[in-house]
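1. this one's sequence-less:
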């Protein structure tokens, strides 16, 4: 149980286009989902916390208008990279917690990640 | 902000040997978690240790936590080639639930 999927797994796009990445909790409801970004051989950087039915909470330094997050249902959150540029190329990973996910010991279940390459 | 710092950055051992990875952090935490990531994949939760715990075991994994030194270690005993992966520690602060990841240790286990 507690499987999180991401789609697509890999995307290549031209500079200036927008890319949507989906994160789904397959067998549980996730009121809270998290979006991370990971550079090669680097750690994960939390970008934003996505709450179902409300606006996402962005970390300092993350542009809200650049990285649009929508959490329309208890099993789906989407991250849209708008007007993507080569510097947006990265590995994007989402995670979800069962239930509200506001407990400090709630396990986060991670998706397999999406490799974005912007040409 | 990234808080955990793992060392070593890379570790290469042979099957059957033990692998020890360390993690240091800077501020007070509620708990510390270790994750594993295979190349180009998502993360898998391995173990969570709370701030009032000193040691925890799970199968071949042993985690210690020293809050006075703000450090933790992950020991993998009798390593296997399949243990080859990157290992990250992540801390959860006292006031919140967001994970703060370290830079990870890349472990290579050769047959």
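-> On my side now, so go ahead. Only a predicted model underlies this, so the values are computations on that prediction, with no experimental measurement involved.

2. give the contact list for residue 110.
-> All of this refers to chain A. Counting by Cβ atoms under 8 Å, 6 or more residues apart in numbering or on different chains, residue A:110 makes contact with A:4, A:93-95, B:35, B:42-45. For glycine as for every other residue, the C-beta is placed from the backbone atoms N, C-alpha and C.

3. please refer instead to chain B.
-> B:12-15, B:81.

4. is it in a bridge, and if so with what?
-> On the basis of DSSP bridges, residue B:110 takes part in beta bridges with residue B:14.

5. now it: how far from residue B:83?
-> Residue B:110 sits 11 Å away from residue B:83, going by Cβ to Cβ, to the nearest Å.

6. cool, and residue A:60?
-> Distance from residue A:60 to residue B:83, by Cβ to Cβ: 35 Å.

7. does residue 20 lie in a helix or a strand, and which?
-> Just so you know, I chose chain A. strand A:19-25 (DSSP states H and E).

8. could you do chain B instead?
-> For residue B:20, the host element (DSSP H and E) is strand B:19-24.

9. how about residue 21, what does it touch?
-> Since no chain was named, I'll use chain A. By Cβ under 8 Å, 6+ apart, the contact set of residue A:21 is A:6-8, A:11, A:78-81, A:92, A:94, A:114, A:116.

10. switch to chain B, that's the one I care about
-> Going by Cβ under 8 Å, 6+ apart, the list of residues near residue B:21 reads B:6-8, B:11, B:73-74, B:87, B:89, B:105, B:107.

11. just these now: which is nearest residue B:26?
-> Closest approach between those and residue B:26, by Cβ to Cβ: residue B:89, at 12.5 Å.

12. so which strand or helix has that closest one?
-> Assigned by DSSP H and E, residue B:89 belongs to strand B:85-93.
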